[in-house]
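Colleague: Sharing a sequence plus its predicted fold:
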Amino acid sequence: MKRREFIALLGGATALPLGIQVLAGANSSALAVALACGASFVRVEGFVFAHVADEGLIEASAGALLRYRRAIGGDHIRVFADVKKKHSAHAITADVDIVETAKANGVEPHAYLSLLFIQLPYAKTAEDFEALLPWNVKATDFR
């Protein structure tokens, strides 16, 4: 069976979205595989905060990964990520809470928390929740 036939067979086997994860922080590789096989999402580790895993230190990759996604024409591929991976050590970022995360994204914490408490009850979809993450809010959201 040729590669394209296999991908067509795999994609037609279910109506569910197909996702890819490549372990050990190989997030760019996961995006490339997802684009090649028509997957709709990737699951990545080390997206926001660094952590120590069994593979060693996994550095945060959000900026580089999103730039790579755009460069390869994969903006339609969604990125799902653990903020803090459960099977790893977070001593590096254990003290980083939501306020520090807001600050790290250039968002004033009090204004962000106020926005969050007002908007969170109305969030229903993944897109609604995603829009409320500190790295997705804009200054105009606080009016």
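Modeller: Arrived safely.
Colleague: which residues touch residue 62?
Modeller: By Cβ atoms under 8 Å, 6 or more residues apart in numbering, the contact list for residue 62 reads 47, 48, 135. C-beta here means a position set from N, CA and C on the backbone, and glycine is covered the same way.
Colleague: Around the last one, how many other residues sit close by?
Modeller: Burial of residue 135, expressed as a neighbour count using other Cβ atoms under 10 Å, amounts to 15.
Colleague: wait, isn't it in contact with residue 103?
Modeller: No: between residue 135 and residue 103 there is no contact under Cβ atoms under 8 Å: 11.8 Å.
Colleague: what residue ranges in the chain are flagged as low confidence?
Modeller: Counting by pLDDT under 70, the low-confidence segments of the chain come to 1-4, 6-14, 83-95, 139-143.
Colleague: any idea how far stretch 60-78 is from the chain center?
Modeller: In terms of Cα atoms, centre = their mean, to the nearest Å, the centre of stretch 60-78 is found 10 Å from the chain centre.
Colleague: residues of it that come out buried?
Modeller: 60, 61, 62, 65, 66, 69, 74, 77, 78 (16 or more other Cβ atoms under 10 Å).
Colleague: Next: stretch 126-133.
Modeller: Of the residues in stretch 126-133, those buried (16+ other Cβ under 10 Å) are residue 132.
Colleague: hey, where'd the helices end up in the protein?
Modeller: Assigned by DSSP state H, the chain shows helices spanning 3-12, 27-37, 62-71, 98-104, 109-119, 126-131.
Colleague: could I get the contacts of residue 62 as CSV with distance to residue 22?
Modeller: Shown next, in CSV, are those (distance: Cβ to Cβ, whole Å):
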residue, distance to residue 22
47, 13
48, 18
135, 23
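Colleague: between those residues, which is nearest residue 54?
Modeller: Within the contacts of residue 62, proximity to residue 54 (Cβ to Cβ) peaks at residue 47, which comes in at 18.1 Å.
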